[in-house]
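[1] give me coordinates for this.
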Amino acid sequence: MASAPGTAKGKIENAAQQAGEAKDTNPKDPSVISSGGAVGKQFNPDGAIGQVGEKIGGPFSKDGAIGSQFDAAKDGLAGQVEKAVDGPSRPATEKK
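    Residues are numbered from 1 along each chain as shown. So this is what the prediction gives:
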């Protein structure tokens, strides 16, 4: 779901898009902090850190209010980072 360009969410989305387009990385060679990188993949639901949230459950699960912010394919915090580093789950080269 795209955000209106003038909203705070739209401004963050646009900034992440521009940052991702300026990177030397791409979805096939992702940054270490993207969902496919050495550090970022630890936050995925099956990663070392992500599994903790799944075990606690509730708001920390992958579908919870907090845990969902770590889904790199969505518009939350991790999704904006993913776009800014041009990661595989939400590449900047893929217009949303």
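
[2] how many residues are close by residue 68?
    Neighbour count of residue 68, defined by other C-beta atoms under 10 Å: 18. Yep, even glycine has a C-beta here, placed from its N, CA and C like the rest.

[3] can you list the residue ranges for helices in the protein?
    8-22, 48-56, 77-84 (DSSP state H).

[4] kindly reformat these as JSON lines containing mean neighbour count.
    JSON lines is the format used below for the helices of the chain (neighbours: other C-beta atoms under 10 Å):
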{"stretch": "helix 8-22", "mean neighbour count": "15"}
{"stretch": "helix 48-56", "mean neighbour count": "14"}
{"stretch": "helix 77-84", "mean neighbour count": "24"}
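
[5] select, out of those helices, the one closest to residue 67.
    When the helices of the chain are compared by C-beta to C-beta, helix 48-56 sits nearest residue 67, at 4.8 Å.

[6] determine how far the closest one lies from the middle of the whole chain.
    The chain centre lies 17 Å from the centre of helix 48-56; the measure is C-alpha atoms, centre = their mean, to the nearest Å.

[7] where does the protein dip in pLDDT?
    1-6, 94-96 (pLDDT under 70).

[8] residue 62 and residue 33, how far apart?
    Distance from residue 62 to residue 33, counting by C-beta to C-beta, to the nearest Å: 19 Å.

[9] neighbour count winner among those two?
    residue 33 (19 against 15).

[10] list the contacts of the residue nearest to the more buried one when sequence neighbours are not counted.
    Once flanking residues are discounted, residue 33 sits nearest to residue 40: 4.8 Å by C-beta to C-beta, 6 or more residues apart in numbering. Applying C-beta atoms under 8 Å, 6 or more residues apart in numbering, one finds that residue 40 lies in contact with 30-34, 72, 81-82, 87.

[11] swap in residue 47?
    Contacts of residue 47 (C-beta under 8 Å, 6+ apart): residue 41.

[12] how many residues are close by the closest residue in space to residue 65 that isn't next to it in sequence?
    Once flanking residues are discounted, residue 65 sits nearest to residue 59: 4.6 Å by C-beta to C-beta, 6+ apart. Counted by other C-beta under 10 Å, the residues lying close to residue 59 total 12.
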